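*Asks:* Build me a model from this:
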Amino acid sequence: MELRQAIAERRSIRKYKPGMTITKDQLADIISCAGEAPTWKNSQTGRYYVALSEEAMNKVREGLPEFNVNNTINACALIITTFEMKRSGFTREGVAENELGDQWGAYDLGLQNENLVLRARDIGYDTLIMGIRDSEVLRANFDIPESQQIVSVIAIGVKEDTVPMPKRKEIDSVMKVF
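*Replies:* Below is the predicted model of the structure:
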């Protein structure tokens, strides 16, 4: 699939086909592509906790509100995304190098997650990025260290229905050329 096609076809999917699966190798490929994204000083602080079994996915669902639990029914996997704090955007001594501080780690993780969802689409899977989650439940259920900021949970599966592209802003409203 061409990149432009993957971008055009990627949607936030909230209803997945039952009976579909994804392999550990496919997930490794998807997350490897995430890791190809640029990061501050090549800090590579993104981390991924992958729930592949139904038991593990149910442990993720314990940290999601009911509407997102419903959005993950029939998902093939759930991925908790985090980043190591005090590294991206910081000197080796732990001093923030600009006013964003740890927000730069979230920026880097966002770049990585975009690669993740595009690679998933590229190989036939669909995704939903969920930011509403209970970090402490996820941290406890998956032994996620305090040094990592939990950012999102990404559901991955095969969409049940085609979802139309939501209306996008006109380019002139978001781009200024000088």
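*Asks:* Flag every buried residue along stretch 136-150.
*Replies:* By neighbour count on 16 or more other C-beta atoms under 10 Å, the buried set for stretch 136-150 is Val137, Leu138, Arg139, Asn141, Phe142, Ile144, Gln148, Gln149, Ile150. The way it works is simple: take the backbone N, C-alpha and C, and place the C-beta from them, glycine included.
*Asks:* just stretch 65-78 next, same as before
*Replies:* For stretch 65-78, by 16+ other C-beta under 10 Å, it's Asn68, Asn71, Thr72, Ala75, Cys76, Ala77, Leu78.
*Asks:* Among these, give me the pair with the biggest separation.
*Replies:* Asn68 and Cys76 (16.1 Å; C-beta to C-beta).
*Asks:* Looking at the buried residues of stretch 136-150, which are in strands?
*Replies:* Among those, the ones falling in strands (DSSP state E) are Gln148, Gln149, Ile150.
*Asks:* and the last one, what pLDDT?
*Replies:* Just to be clear, that refers to Ile150. Looking at Ile150, its pLDDT reads 98.
*Asks:* same deal with the one 4 residues further on?
*Replies:* pLDDT, Ile154: 98.
*Asks:* cool, and Asp102?
*Replies:* 89.
*Asks:* May I have the phi/psi pair for it?
*Replies:* Here is the backbone geometry of Asp102 (degrees, to the nearest 10): phi -70, psi -10.
*Asks:* and the longest helix seen in the chain, how far out from the chain's middle?
*Replies:* Using DSSP state H to define each element, the chain has its longest helix at helix 103-122. Relative to the chain's own centre, helix 103-122 is displaced by 6 Å; criterion: C-alpha atoms, centre = their mean, to the nearest Å.
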